[in-house]
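In: Turn this into a model:
(one chain, ligands or ions: 1)
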Amino acid sequence: MGIESALPVDSILTTQLQRVVNWSRRSSVWPMPFATACCGIELMATACSRFDLARFGAEVMRFSPRQADLLIVAGRVSVKMLPVLQRIYMQMTEPKWVISMGACASTGGVFDTYAVVQGVDQFIPVDVYVPGCPPRPEMLIEAIMAIQRIIDNDAIPRDGEGARLPLNIAVQPNFEPRSQPVPVTVGTT
Ligand code: SF4
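Out: Okay, here's the model as predicted:
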């Protein structure tokens, strides 16, 4: 990771075990994509080279819920699919996180009909809402970073009995992503 070059030779670092655990957890969030519609295409773009979700350690999409700790609901969920979504959520490992990506997942979007769930948060706890139709990849990355910040600070909210509470974070619709840290040099000539 390059940290060795910044340290003097034969030096040691001391830290707290909990910090190391949190650092490794937030650097290895493994998403479980529940992509049912067009938002899933933006989710795929987020993992591709232009946006490079690997920078955040979250590019390893797992299609087994037992190997995942971040459920990304991307697209509308029909009432018929809802039990599947709930089962996937229940099979995921703790501590686990949920992102509701796009208007359809969060509210049903334009599909105001009896067959479409009008917001998955009525049935599973949602930690971060990402607005848009579809949201841009930067907004999804911002949502993942919001979860990383919570993990880093060991700030998982719990109720009086120790049960985890949803974070209830919403990426703002006017969120403006910062420019890429390095200029794009491929394909611009
Ligand atoms: S929010 Fe828009 S882009 Fe996303 S699934 Fe719904 S219609 Fe498609």
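In: Regarding the most centrally placed residue in the chain, what is its secondary structure?
Out: What sits nearest the mean C-alpha location of the chain, by CA atoms, centre = their mean, is Ile144, with 3.9 Å. When the structure is split into helix, strand and coil by DSSP: H, G, I helix; E, B strand; the rest coil, Ile144 lands in helix.
In: what about it, distance to the ligand?
Out: Between Ile144 and the ligand the distance is 17 Å, computed by CB to the nearest ligand atom, to the nearest Å. For glycine as for every other residue, the C-beta is placed from the backbone atoms N, C-alpha and C.
In: Same question for Gly132.
Out: For Gly132, the distance to the ligand under the criterion CB to the nearest ligand atom works out to 7 Å.
In: Return the residues of the chain in contact with the ligand.
Out: 37-39, 75-76, 102-104, 109, 133-134 (CB under 6 Å from any ligand atom).
In: tell me the contacts of Pro137?
Out: Remark: with contacts taken as CB atoms under 8 Å, 6 or more residues apart in numbering, Pro137 is in contact with 42, 45-46, 50-51.
In: Over to Arg26?
Out: With contact taken as CB under 8 Å, 6+ apart, Arg26 is in contact with 57, 147-148, 151-152.
In: coming back round to it: mind checking which of the residues of the chain next to the ligand are in helices?
Out: 39, 103-104 (DSSP state H).
In: Of all the residues in stretch 112-122, which ones are buried?
Out: Residues of stretch 112-122 classed as buried under the neighbour-count rule (16 or more other CB atoms under 10 Å) are 116-121.
In: Which of the residues of the chain next to the ligand are buried? Put it as a PyMOL command.
Out: Selecting in PyMOL just the buried members of those, where the criterion is 16+ other CB under 10 Å, is done with this command:
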select buried, resi 37+39+75+76+102+103+104+109+134
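In: Serialize the residues of the chain next to the ligand to JSON lines and add fields for distance to Glu94 and pLDDT.
Out: Compiled in JSON lines, these are given as follows (distance: CB to CB, whole Å; pLDDT from 0 to 100):
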{"residue": "Ala37", "distance to Glu94": "28", "pLDDT": "95"}
{"residue": "Cys38", "distance to Glu94": "31", "pLDDT": "95"}
{"residue": "Cys39", "distance to Glu94": "26", "pLDDT": "96"}
{"residue": "Gly75", "distance to Glu94": "25", "pLDDT": "95"}
{"residue": "Arg76", "distance to Glu94": "27", "pLDDT": "94"}
{"residue": "Gly102", "distance to Glu94": "26", "pLDDT": "95"}
{"residue": "Ala103", "distance to Glu94": "29", "pLDDT": "95"}
{"residue": "Cys104", "distance to Glu94": "27", "pLDDT": "96"}
{"residue": "Gly109", "distance to Glu94": "30", "pLDDT": "93"}
{"residue": "Cys133", "distance to Glu94": "32", "pLDDT": "93"}
{"residue": "Pro134", "distance to Glu94": "29", "pLDDT": "92"}
